[in-house]
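**Student:** got a predicted model here, sequence first, then my questions.
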Amino acid sequence: MASTNFTLPSRAHDYELNSSSSSSVPETKISLELETNFRVMQSQGENNGVVRDETHSNNIGVFLTWKDLWVTVSNGTKGSRSILQGLTGYACPGELLAIMGPSGCGKSTLLDTLAGRLDSNTRQSGDILINGRRQALAYGTSAYVTQDDALITTLTVREAVYYSAQLQLPNSMSKSEKKETAEMTIREMGLQDAMNTRIGGWGSKGLSGGQKRRVSICIEILTRPKLLFLDEPTSGLDSAASYYVMSRIARQRAGKTIIASIHQPSAEVFGLFQSVCLLSSGKTIYFGPANAANEFFSANGFPCPTLQNPSDHFLKTINKDFDEDIEEGSAGKKSTEEVIGILVKSYKSSHCYQEVQRQVAEICSKEGEALEKNRNHANFITQCCVLTIRSSINMFRDLGYYWLRLVVYSVLALGLGTIYYNIGSNYGSIQARGSMLMFVASFLTFMAIGGFPSFVEEMKVFQRERLNGHYDTGAFVIGNILSALPYLVLVSLIPGAIAFYLTGLQEGVGIGEGVERFFYFSTVLFVCMMLVESLMMIVASIVPNFLMGIIAGAGIQGLMILGGGFFRLPNDLPHPFWKYPMYYIAFHRYAYQGLFKNEFEGRTFPNIPGGRPRVITGESILRETWQVEMEYSKWVDIAILFGMVVVYRLIFLMIVKAGEKVKPVVRALMSVQQKQARQIMAANPTTETNSAGNSPLYEINK
């Protein structure tokens, strides 16, 4: 971009935009100079990729405007707190708009509001228009790069971008075309030398922070979106890495509207932005050309010291967290709160503000094209196949996902087999067999919770990709199930064989029947592990926090084990809670009963010496000792367990889908309530309220 320098007198006392302050030069002079800045920026169509006055009717890119935007959040019993207060602005194709301000000023909230990503507990009011229309952001039109790099750490850069390309790009493109698009995007972001490097995580060293950020950007720009949101793209990076990342983004701005929240850019990074929106405490301090911001501060008595980074000066001036007195030329010192008040008032009375209002009105008056609605990603079957392959690779390479569990399960099974080694068929073996089977159904399956950390990382990737509309939730569930099947079979067969044959559970029956009993034994172990994983998926969708998720999942399983009918026999369970409903909804009940039937049916055991009868049948043991329901066979128990797997996965699917559907509805209800409150306030000016409404004008299509 060809920079344009504006020369304004640097003496703070010469110019003052605040109407309440004394000034030796009329406000109109500064207004004219700032108007000139705007006009010069507008004339740079070749460099910025946009001519504001001529392009509203042309179908080039996305014009985003927001007017009188308020966002509030509830403070519980204390009422509500305003995060954004009456913001107005716009973003145009070919430009990089920086949203700047100190921590807690509302940068990310503004970005989330514009992208339709606000939480349901917030309230929003104001107009947000796309090309002058109230319309949804169709898939492929917009993309959002989060502050945290949620990536599958076991994949290489090439794999991560290529699998994403297969998911996002339509089936009309061949695999070779998708691969070429992925590699071209990687080269555009300067990652060609790291194509075959794994992203890396806690277990292995991989990419640097800047490279991971560029991979995240690569994934989101595969569809060449017209509107790109970036949340703190330089967070955690040094100045060199920050500049490299932002310069790569700047090269992609032709035809795109790019909005980035950024905390403290270096002078070089700040120079890459065409426009800046400076916030403090949710209020607009300045909105306009980036290279005119310094003149605005100087004209108000807060010039940037020589050789100091302008963005550092801006943030220091408007950061009230430390509330130090700030030097204001010859006028002495003022508190940060007073400085912010001066700048806010000066901005609203300046021609900058009037120009922003004029631009917003002009964009809105000339309705541009409606966003394309028919941009499709891969079909459902392709999504399932790609997600299955990608998840399988991740599970194979991540030692903590299944391989470590296989080792732990094998060690536990070896311990179980040696404790109950060659258990025999005497009367004392009845209780020993029940205890051994209970341990398998309860505590071996309980260990499946160990895969929760890896699954949480996968869920983070799913949530990011799902919010950006990369694929359907059902495809993720199916892909997760199919990719886990081989590993669950392995984990159930090897430890199951060790425990089953060392214990001698096959003794006393024929070879064929022994194989059948082992198959049933390992199948119950397999399906119980699937159930625990399905349960943890539900927990992860409700409680995404890692530590809280493990505690919640362990607590739920503990309740199910207690109500499963072993530690307290079914007929002895208290009725209000433990018998109804816990005994019937706990999957351990069906696992216990299925394993007991598999073990005792068709067997006989000697009674205690002197007891009558002298031989006890397995059926009588099931009825009298374990109180097993004998009205149906063991295969019905295992069918119920498989049915519960399906139900659990459907519950997870419904929770995710409900979250997507409920949030807009909740926002709409809160908007109606707030609108009514404002009408009451308008009718009765003495009525006090500190809340603002919420009007979900658009949301990203999932």
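**Tutor:** Great, that's in hand.

**Student:** list the contacts for residue 114?
**Tutor:** 64, 66, 128, 229, 259 (Cβ atoms under 8 Å, 6 or more residues apart in numbering). Where C-beta positions appear, they are placed from N, C-alpha and C, glycine not excepted.

**Student:** what is the nearest of the residues you listed to residue 285?
**Tutor:** residue 66 (16.3 Å; Cβ to Cβ).

**Student:** that's a strand at that closest one, yeah?
**Tutor:** Yes. Counting by DSSP: H, G, I helix; E, B strand; the rest coil, residue 66 is found in a strand.

**Student:** tell me the contacts of it?
**Tutor:** Listed by Cβ under 8 Å, 6+ apart, the contact partners of residue 66 are 87-90, 113-114, 126-129.

**Student:** show me those that map onto strands.
**Tutor:** 87-90, 126-129 (DSSP state E).

**Student:** by neighbours, which of those residues wins?
**Tutor:** For those, the largest number of neighbours (other Cβ atoms under 10 Å) sits with residue 90, at 25 neighbours.

**Student:** from residue 478, how far off is that residue?
**Tutor:** 42 Å (Cβ to Cβ, to the nearest Å).

**Student:** ok, residue 345 next?
**Tutor:** Residue 345 is 58 Å from residue 478, by Cβ to Cβ.

**Student:** check residue 227 too.
**Tutor:** 31 Å.

**Student:** ditto for residue 637
**Tutor:** For residue 637, the distance to residue 478 - Cβ to Cβ - is 25 Å.

**Student:** picking that back up, more neighbours, residue 227 and residue 478?
**Tutor:** Set residue 227 next to residue 478 and count neighbours by other Cβ under 10 Å: residue 227 wins out with 23 against 19.

**Student:** pretty sure the more buried one contacts residue 62?
**Tutor:** Yes. If you go by Cβ atoms under 8 Å, residue 227 and residue 62 touch, sitting 4.5 Å apart.

**Student:** name the residues contacting each of those two.
**Tutor:** 130, 141-142, 257.

**Student:** in JSON lines, list these along with secondary structure.
**Tutor:** Below are these laid out as JSON lines (three-state DSSP):
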{"residue": "130", "secondary structure": "strand"}
{"residue": "141", "secondary structure": "coil"}
{"residue": "142", "secondary structure": "strand"}
{"residue": "257", "secondary structure": "strand"}
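
**Student:** closest to residue 583 out of these?
**Tutor:** residue 142 (49.9 Å).

**Student:** the closest one and residue 186, how far apart?
**Tutor:** 21 Å.

**Student:** go on, residue 83?
**Tutor:** Applying Cβ to Cβ to residue 83 and residue 186 gives a distance of 37 Å.

**Student:** same question, residue 216
**Tutor:** 12 Å.

**Student:** where does the residue of the chain positioned farthest from its centre sit: helix, strand or coil?
**Tutor:** The outermost residue of the chain, judged against the average C-alpha position, is residue 610 (67.5 Å), by Cα atoms, centre = their mean. Using three-state DSSP, the structure places residue 610 in coil.

**Student:** tell me the pLDDT at it?
**Tutor:** pLDDT recorded at residue 610 is 75.

**Student:** just confirm residue 70 is within a strand.
**Tutor:** Yes. Residue 70 forms part of a strand when assessed by three-state DSSP.

**Student:** report the beta-bridge partners for it.
**Tutor:** residue 125 (DSSP bridges).

**Student:** model confidence for it, exactly?
**Tutor:** 92.

**Student:** list the contacts of it.
**Tutor:** Per Cβ under 8 Å, 6+ apart, neighbours of residue 70: 82, 84-87, 123-126, 692-693.

**Student:** if we only consider those residues, which is nearest to residue 473?
**Tutor:** Within the contacts of residue 70, the smallest distance to residue 473 is 25.3 Å, found for residue 124 (Cβ to Cβ).

**Student:** quick check: that closest one touching residue 113?
**Tutor:** Yes. At 6.0 Å, residue 124 counts as touching residue 113 under the criterion of Cβ under 8 Å.

**Student:** kind regards, and thank you for your time.
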